[in-house]
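> my questions are about this predicted structure, shown below with the sequence.
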Amino acid sequence: MLRLFCSRLPQKLKHRPSKTGNANFFSTSSIKSISGLSNYKDPQSLTVSFLQDSCGFSLESAVSYSKKLNIENVKNPNSILDLLRNHGLTQTHISNLIRIRPLLLSADLDNTLMPNMEVFESLGFSGSSLAKMLSKHPAVLESDAHAAVEFFRAHGLSDKQITTLTMKRPSLYLYNADKIFKPKLEFFKSLGFSDFEIAKLLSSEPYILTRSLENHIIPCVQMLRRVLGIDENVLKATASYQIFESNKIHMLHPNIDTLKSHGVPLSLVLKVFLTRPGSLLICSNRFSEIVSEVMKLGFDPNCRQFVLAIRSMAQNTKKLWEQKVEAFRSFGLSEDEIYAAFKRQPMCMSCSEKKIKKMMGFFVNKLKMKPSMISKSPNLLLLSLEKRVIPRCSVMQVLMLKGLMKDDIGIVYMVTMAEKKFMVRFVSKYQNEVPVVVRAHQGKIEFQGLPIAMKMMMLPYRREKGRSAFYQKLLSFHANAHFYVDRYGDEHKLAGFSDFAGL
């Protein structure tokens, strides 16, 4: 009877009229207030509100992350956020960091986080660089960073090398260096590596320290000893470091046997290791196909081109190879011309499809070169368009407009010439007479095309005394030609050469 009365009591209260005339005894705001008070007493509510207010989390995310974190007092978390801000991290950086490792907000500020931040600051980490490093493995903030850095310094690494190592593989700070790293360093010393070489190895390929000594590093070296013989060759091969990266070391022996069976000398086999060891660590059947194809194309096993051809083919799947061939075809090259280019420079097929199209497009459309000329000079495809080809073409553009360059110079020769030689003959020589040539070489002048067609053969530059024939044509074409050339050349307004397009 009592239970029945109690169960009905709220309903009766709910519908009892107020003396003030209101329909309900509690207002909506009062209900929300009581609800908020109830949530505040919940141990997780403080965590949720902190993640929302201080870390920029949405309510849904804050509730989800509160299951991994319990904040009972905001003093320590607030101090941690202040520490991160003081080292240049933005709100976005901090929010992302907490999402990866929410327990960071409950870490020991005085004994762990602050000392570690000082260590990373001494290595040059702050702001975006610090954020980038921490995003890879934020737990490094809770490691013994000082001990790790001192270990690397004791083994010959400079602070610059330690910084590089830290950015590449921050998780190394979480290992017991003496137990995990030291035996590996001692093993490399036993192979003949100097302290300098070990330091270079660690800064270049720090992942090696995470490889098992017994299950990976030692078996790799043993395999190299079997196939390469003397320790001197083993040392040269291991110096490439990449050999330790792959788990396909078992493919090495049969692939080297394949090379030897085709008459490839050991010296060239070693060169494969030094340039692209991964090309020997592919499926044996695929490797045999590549070697057979290279032989059919007429490469000499005793020449370096043979090794480069294998390396280039090994970098491409069959599908990717066909896509690159099609890219060349789209500019009018026949299959014979494409493979002739590959024989002259095998690494032209190591260029991406995008670069092939970009380079061919520039040479054919901007410089008006015949595609067949490029197939005869495939080294052009290995150059940097932005850093070398366009700046040099801009220099030629300036000098031609000033009448200082002949039109019988070979364009291939110009863009493939050694940098020092190019500087002496075409930049330093004219920088006082035509200061704009320096800006052209720096890539600060837009290249719009050469004012006259240049020879496409690889001819050395021979300048005759006096004005060039092009400059004489300008003088005979327009009485103000001298004004246009000098003024536009000097004032960086090189589009003016279009006035003389009829020459």
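Arrived safely, thanks for sending.
> Gly278 and Ala314 touch, don't they?
Yes. Gly278 is within contact range of Ala314, at 7.5 Å (criterion: Cβ atoms under 8 Å). In this view, the C-beta of every residue, glycine as well, is placed from N, C-alpha and C.
> tell me the contacts of Leu59?
Val48, Gln52 (Cβ atoms under 8 Å, 6 or more residues apart in numbering).
> pLDDT value on it, please?
The model reports Leu59 with a pLDDT of 90.
> so where's the chain shaky on pLDDT?
Within the chain, the segments meeting pLDDT under 70 span 1-43, 230-231, 239-243, 245-246, 274, 407-408, 452-503.
> now do 50
Counting by pLDDT under 50, the chain contains low-confidence ranges at 1-41, 456-503.
> closest to the centroid, which residue in it?
Note on the chain: the residue nearest the mean C-alpha position is Lys168, at 11.7 Å, using Cα atoms, centre = their mean.
> let's see the strand or helix carrying Tyr339 as CSV, backbone CA atoms only.
Element membership for Tyr339, per DSSP states H and E: helix 335-344. Extracted in CSV, the C-alpha atoms of helix 335-344 (Å, rounded to 0.1, in the frame of the first residue of the first chain):
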residue,chain,number,x,y,z
GLU,A,335,58.5,2.3,-79.4
ASP,A,336,61.9,1.9,-81.1
GLU,A,337,62.8,5.5,-80.2
ILE,A,338,61.7,5.0,-76.6
TYR,A,339,63.8,1.9,-76.1
ALA,A,340,66.7,3.6,-77.9
ALA,A,341,66.5,6.3,-75.3
PHE,A,342,66.4,3.7,-72.5
LYS,A,343,69.5,2.1,-73.9
ARG,A,344,71.3,5.4,-73.9
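> how about that helix: buried residues?
Going by neighbour count (16 or more other Cβ atoms under 10 Å), the buried part of helix 335-344 is Glu337, Ile338, Tyr339, Ala340, Ala341, Phe342, Lys343.
> what does stretch 65-84 give?
Tyr65, Ser66, Leu69, Ile71, Val74, Asn76, Pro77, Ile80, Leu81, Leu84.
> those: which two are farthest apart?
Using Cβ to Cβ, the buried residues of stretch 65-84 span at most 19.9 Å, a distance reached by Ser66 and Leu84.
> one step back: including secondary structure and distance to Phe422, could the buried residues of stretch 65-84 go into CSV?
Output for these, formatted as CSV (DSSP: H, G, I helix; E, B strand; the rest coil; distance: Cβ to Cβ, whole Å):
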residue, secondary structure, distance to Phe422
Tyr65, helix, 58
Ser66, coil, 64
Leu69, coil, 61
Ile71, coil, 64
Val74, coil, 64
Asn76, helix, 61
Pro77, helix, 59
Ile80, helix, 55
Leu81, helix, 54
Leu84, helix, 49
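> please, which helix or strand holds the residue nearest to Met405 when sequence neighbours are not counted?
Nearest residue to Met405, sequence neighbours excluded (Cβ to Cβ, 6 or more residues apart in numbering): Leu399, at 4.0 Å. Here Leu399 is covered by helix 390-401, with elements defined by DSSP H and E.
> so what's the gap between that helix and the chain middle?
On the basis of Cα atoms, centre = their mean, to the nearest Å, helix 390-401 sits 30 Å off its chain's mean C-alpha point.
> and stretch 417-426, by the same measure?
Taking mean C-alpha positions (Cα atoms, centre = their mean), stretch 417-426 and its chain are 29 Å apart.
> quick one: contacts of that stretch?
Residues outside stretch 417-426 that contact it (Cβ under 8 Å, 6+ apart) are Arg388, Arg392, Val395, Met396, Leu399, Met405, Met414, Val437, His441, Tyr461.
> out of the residues you listed, which comes closest to Leu228?
Using Cβ to Cβ, Arg388 is the member of the contacts of stretch 417-426 that lies nearest Leu228, at 36.9 Å.
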